[in-house]
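In: Quick one: sequence plus predicted model below, questions after.
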Amino acid sequence: MIPESEPLELPVLDVSQQLCTSSLSSLAAACKEWGFFLIINHGISKDIYNKICTLSKNLFNLPIETKLKLGPLSPDKTYTPHFIASPFFESLRVSGPDFTDSAQSSLDVLLGENDSEFSEVLQEYGSKMTELSKGVLKLVLTAIGDGIETKYYDSEFKNCHGYLRINNYTAPESLDEEAEGLGMHTDMSCVTIVYQDEIGGLQVRTRDGKWMNIIPSEGTLVVNLGDMLQAWSNERLRSSEHRVVLKKPVNRFSLAFFWCFEDEKVILAPDEVVGEGNTRTYKPFVCSDYLRFRESNEKGRFEKVGFTVKDFAGIGFPM
Ligand SMILES: O=C(O)CCC(=O)C(=O)O
Ligand SMILES: [Fe+2]
């Protein structure tokens, strides 16, 4: 069994403030070392989480036959049933930029009717998370080097898009051993912003292989850097390896907002980001080819680390 890490001071960023040089350098260190950090004062209210949680529970409580109308064999494929990622995990995807439309079409299939309250609240959440993701990404780029954000944000990141996964973890019946709610994985995004409810269970892996608990705290969101940023930055930014463990016999709820490059984007670290005298560690690749590689590969599928962006495009890593 892998030991759990001693509690360490986690990087917390106040995103309502202009960051000073020392906060930027601790942000850069956190992004390189951990691949994640926490944010506060992000302007997303507790109220919106409660609403999404309550409304989503009604959907997850529908019979499985109904939910499977959006399952992996359906045209929409927006619902991931239990036993794909883990026996406990199920998830509904809502895609931007028109979150209302995406939520509405899922609801039409599930309920056969409109639920404007649900689609409106998801639109509000999606728009806020879009703005937050852009802001967070700009901060990360600013942190990794002078002028990087100014030079590359517009040219490289302006076509990014977001989608939301509403995750529901059913309560494990027996807790003789900790149940794995979601196995260790990396996200395929540039950045992912996660809200976890008060149950907790999100863990991030340190470079020396220890698991660090991310204790939930009201008003705090978790930012995980994803594979796309790891490759684009030539590993100056680390893709966070994380998982969810279920330690209590209760339902757990989370929202993960993925901010990603457009499918056709060719990912190649700019020379200035690689830095003089450093070796390039990734071949250029098309974003959608990597997504397909992860989906089609048993070990890379959904949530299993085994085949990641390093295996796909890392120089000196045979595919
Ligand atoms: O449920 C969580 O806290 C994390 C979910 C997650 O990592 C994901 O959906 O990729
Ligand atoms: Fe994740």
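Out: Yep, it's here. Ligands and ions are numbered 1, 2, ... in the order given.

In: so who does the residue in the stretch 51-200 of the chain that ligand 1 sits nearest to touch?
Out: Residue nearest to ligand 1 within the stretch 51-200 of the chain (C-beta to the nearest ligand atom): Gln196, separated by 4.2 Å. C-beta: built from backbone N, CA, C; applies to glycine. Residues in contact with Gln196 (C-beta atoms under 8 Å, 6 or more residues apart in numbering) are Leu202, Ile214, Pro216, Val222, Arg252, Phe253, Ser254.

In: how about these in JSON lines, adding distance to Phe312 and secondary structure?
Out: Formatted as JSON lines, the contacts of Gln196 follow (distance: C-beta to C-beta, whole Å; DSSP: H, G, I helix; E, B strand; the rest coil):
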{"residue": "Leu202", "distance to Phe312": "25", "secondary structure": "strand"}
{"residue": "Ile214", "distance to Phe312": "27", "secondary structure": "coil"}
{"residue": "Pro216", "distance to Phe312": "33", "secondary structure": "coil"}
{"residue": "Val222", "distance to Phe312": "25", "secondary structure": "strand"}
{"residue": "Arg252", "distance to Phe312": "31", "secondary structure": "strand"}
{"residue": "Phe253", "distance to Phe312": "32", "secondary structure": "strand"}
{"residue": "Ser254", "distance to Phe312": "27", "secondary structure": "strand"}
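
In: Greatest separation within those: which pair is it?
Out: Ile214 and Phe253 (15.2 Å; C-beta to C-beta).

In: For Ile215, give its distance to ligand 1.
Out: With distances taken as C-beta to the nearest ligand atom, to the nearest Å, Ile215 is found 12 Å from ligand 1.

In: my guess is Ser127 meets Thr100, correct?
Out: No. Here Ser127 lies out of contact with Thr100, judged by C-beta atoms under 8 Å, at a distance of 9.9 Å.

In: Can you show me the CA trace of the helix or strand harbouring Phe312 as PDB?
Out: Per DSSP states H and E: Phe312 is located in helix 309-313. C-alpha atoms of helix 309-313 as PDB (Å, rounded to 0.1, in the frame of the first residue of the first chain):
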ATOM      1  CA  VAL A 309       0.600  12.100 -23.000                       C
ATOM      2  CA  LYS A 310       4.200  11.100 -22.200                       C
ATOM      3  CA  ASP A 311       3.700   7.700 -23.700                       C
ATOM      4  CA  PHE A 312       1.900   9.200 -26.700                       C
ATOM      5  CA  ALA A 313       4.200  12.000 -27.700                       C
END
